[in-house]
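just the structure for this:
(2 chains)
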Amino acid sequence: MAKRSIYARELVNLMAGHWVARAVYAAARLGVADLLEAGPQHVEVLAKKANAHEGALYRLLRALASVGVFTETEPNTFSMTPKAELLCSDHPNSLRPLVLLWNELEYSAWDDIVHSIKTGECAFEYRTGSPFFDVLEKDMESARIFREAMAGASRLIPLAISEVYDFSGCNTIVDVGGSHGNLVSTILSTHPDLKGVIFDLPNVVESVKNKMGDEASRCEFAGGDFFESVPGGGDLYILSRIIHDWDDEHSIKILKNCRNAMGSDGKLLLVEIIIDTNNESSFGNWLDLHMLVMQGGSERTEAEYRRLLDAAGFELTRIIPTGQWQNIIEAVPASI
Amino acid sequence: MSSEALEITQESVDPAQEKILQLISSQWLARSLYVVAKLEVADLVADGYCSVTQLAEKTQMHPNSLYRVIRALASTGYFTEVAPREFELTPLGTSLRKDVPGTVRSTILALAGQLQWESWGETLHSVRTGETGVKKAFGISLFDYLGENPEEAIWFNETMESSHSTEAPAVARAYDFSEAEKTIVDLGGGSGDLLSTILQAYPQAKGVLLDLAHAAEQANERFESLGLSGRCTFVKGNFFESVPKADVYILSHVIHDWTDEQCITILENCRQANPAAKVLIIEMLIPSGDTFHPGKIIDLQMLALLGGQERTKAEYAALFARAGYTLAQVVSIQSRACVLEVIPDSSGSTTDSYPVAMQTQTGDDS
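Predicted coordinates for the structure are as follows:
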């Protein structure tokens, strides 16, 4: 009986994670962290400003405070904690856009996870009738949240890559699917001799162009579709968290286009989570299921990346940890 | 390539960021447990269908996708991958099986199914308005929903019962029912677990269980099998309308389902039936401050599903006062919940001794 109670309790706690996640979402959507940035606030004031029900908002914040998001400094008065700061819109590593993405556009697809497991197809398309990236192309607000979510959740990745990877001997890097341009601008800012190319869909590149800082003079912007072709002229091609969005067939197409664009002495870097085959680290596994549900993509093991690269004419040379969830997977054109 | 290069370190990951990412991705775990529970994967593994190929064939699922779900649950401790794409159950995973003592399958189906997912999809509406997510998502109340979905109702009832199953003996031990050797009435007592446990410990006491018709069969079977039929009966009824006469009323995890006004109606019906009867209310008390207590999270479940709420001791005392009752003492029962002994104001005899010293709460026992 005692054992059963422990397991049941552990399990209920795990499932209550769904409720906590939704609570974090409600606070993020209502902008509570932004309202608390200037200092502690009474819940009555917060409810008015956030257009919420005072009693319900109090219960929400009390529950969040019990898991370290916000703190109740005086009865009914809440203030910030380090975790809550990450929900502020203007925090450099803000997770607010990611929380909104997972809980709005992406939430309902998880209702149909059984469909994904049954068919291997993505639940998002089954649910909404459109592939994920098609929705982003049509819905500018969702596209903005998606870009900000990816940027906020990975703000530390560009810095980590520019620190751990040795760029010597390299002249031009091409960031394939470079989106907001953070990776290229960070690498260029610490490597004054490098030039960069940001390659993404034409409308994405257009919106990024104007936001580039001092590094813009060493940077080219190229619009296109990586399923058709990738710009030539680079000696280092980077695909940062792109391949995990796609199934093997699509991934190989992108990789082959990179292979065709580069010379035989070029290099390719994939920045991706590597699934731990001992099943000891779980976050990558959850993201893996999220990729399945949303896009039909997947997180992969080292062996799976090796096979994928091999099929596209590359040879995996090394894996470099970055101190982030993601690793750098380096590959070179396979010798014939 | 050296093997050290593969060691994945996460030292530089911002700890606050990591924590938030874990919090917000945990909803996917709930949904994955649901898939495995629904497909009865744990039972199949226990029956020897260990490889993903066999499991996918049995459940008619897509092998690689099923593999990815089970792998994710293996990384959370439910399965072990003993050979590539072959799984065994861990002790924790064994509890996912259907017909084992301590099964948690119905708990998963009740807490991570469509009802929960869609009701919690309306969290923002609940926080904006104070209305339940169930109402917004399905247009009806939780109990009406369960009435229309009998399979989900069974999971739901089993979940409620199993999550309180250790409480019944604790209540029988912690509270002295010997002075109440007349009639104990358990309002909303479900299948009668608590009432029958108390009656077994107090052979002089008589019991009445009041609940909606759907609970009758299970409760009567239980009373019969325990030889309690002679002094324990099931009465079909609705505590918002009227309640049978008793010396002691029990409301175990009932009050938190309802708004203050609805709770007052229940208590007034108790007073109507016997103005001198005590009421024992079994509920969690929400501690103040930022202290973690599961009740604070379950409170949001009340908001999403029922329109009720978890309450602090002060909130309970205020609620009872409005109904003409006084909170006389709080008895710890070595559980997350405790027994609130509530006496009618007009009974007079106890007013001299009030306030009774409150027993210290042990808090969360996890």
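
hmm, residue B:183 and residue B:206 touching each other?
Yes: here residue B:206 reaches residue B:183: they are 4.7 Å apart, a contact under Cβ atoms under 8 Å. In this view, the C-beta of every residue, glycine as well, is placed from N, C-alpha and C.

just the element for residue B:304, please.
helix B:294-305 (DSSP states H and E).

quickly check: that helix near chain A or not.
Yes: applying Cβ under 8 Å from any Cβ of the partner chain, one finds helix B:294-305 touching chain A at B:294, B:296, B:297, B:298, B:299, B:300, B:301, B:303, B:304.

wait, which of these is closest to residue A:300?
Of all these, residue A:300 sits closest to residue B:297, with 34.4 Å by Cβ to Cβ.

tell me what the next helix or strand after the helix holding residue B:304 is packed against?
Next in sequence after helix B:294-305, counting helices and strands by DSSP H and E, comes helix B:313-322. If contacts are counted by 3 or more Cβ pairs under 8 Å, 6 or more residues apart in numbering or on different chains; DSSP states H and E, helix B:313-322 sits against helix B:260-273, strand B:325-332.

buried ones in helix B:313-322?
Neighbour-count burial for helix B:313-322, with 16 or more other Cβ atoms under 10 Å in any protein chain shown as criterion, is recorded at B:313, B:316, B:317, B:319, B:320.

need these in TSV (columns: pLDDT and distance to residue B:49).
Below are the buried residues of helix B:313-322 laid out as TSV (pLDDT from 0 to 100; distance: Cβ to Cβ, whole Å):
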residue	pLDDT	distance to residue B:49
B:313	96	51
B:316	97	50
B:317	97	55
B:319	97	52
B:320	97	54
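
what sits against the residue lying closest to residue B:232 once chain neighbours are set aside?
Nearest residue to residue B:232, sequence neighbours excluded (Cβ to Cβ, 6 or more residues apart in numbering or on different chains): residue B:207, at 4.0 Å. By Cβ atoms under 8 Å, 6 or more residues apart in numbering or on different chains, the contact set of residue B:207 is B:183, B:184, B:185, B:186, B:195, B:196, B:198, B:199, B:228, B:231, B:232, B:233.

so which of those residues belong to strands?
With strands defined by DSSP state E, the entries of those inside them are B:183, B:184, B:185, B:186, B:232, B:233.

with those in mind, which one is nearest to residue B:216?
The closest of these to residue B:216 turns out to be residue B:233 (Cβ to Cβ; 10.4 Å).

could you find the closest non-adjacent residue to that closest one?
residue B:208 (5.6 Å).

before we move on, the earlier item: okay, the helix holding residue B:304 in PDB with CA atoms only?
What follows is helix B:294-305 as a C-alpha-only set of coordinates in PDB (Å, rounded to 0.1, in the frame of the first residue of the first chain):
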ATOM      1  CA  PRO B 294       0.000  20.000  -3.800                       C
ATOM      2  CA  GLY B 295      -3.200  21.700  -2.800                       C
ATOM      3  CA  LYS B 296      -2.100  24.900  -4.400                       C
ATOM      4  CA  ILE B 297      -1.800  23.200  -7.800                       C
ATOM      5  CA  ILE B 298      -4.900  21.100  -7.200                       C
ATOM      6  CA  ASP B 299      -6.700  24.300  -6.500                       C
ATOM      7  CA  LEU B 300      -6.200  25.300 -10.100                       C
ATOM      8  CA  GLN B 301      -7.700  22.000 -11.100                       C
ATOM      9  CA  MET B 302     -10.800  23.000  -9.100                       C
ATOM     10  CA  LEU B 303     -10.800  26.300 -11.100                       C
ATOM     11  CA  ALA B 304     -10.500  24.500 -14.400                       C
ATOM     12  CA  LEU B 305     -12.900  21.700 -13.700                       C
END
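
contacts for it, please.
Contacts of helix B:294-305 (Cβ under 8 Å, 6+ apart): A:12-13, A:16, A:19-20, A:22-23, A:56, A:59-60, A:62-63, A:66-67, B:116, B:119-120, B:122-123, B:126-127, B:130, B:132-134, B:142, B:256-257, B:284-286, B:308-310, B:336, B:364, B:366.

I figured residue A:219 hits residue A:189, correct?
No: between residue A:219 and residue A:189 there is no contact under Cβ under 8 Å: 10.8 Å.

one step back: closest to chain A among the contacts of residue B:207?
Closest approach to chain A among these (Cβ to the nearest Cβ): residue B:196, at 16.2 Å.

picking up where we left off before, now the ones in strands among the contacts of residue B:207 in CSV, please, with extra columns for pLDDT.
Compiled in CSV, the ones in strands among the contacts of residue B:207 are given as follows (pLDDT from 0 to 100):
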residue, pLDDT
B:183, 93
B:184, 95
B:185, 97
B:186, 97
B:232, 96
B:233, 96
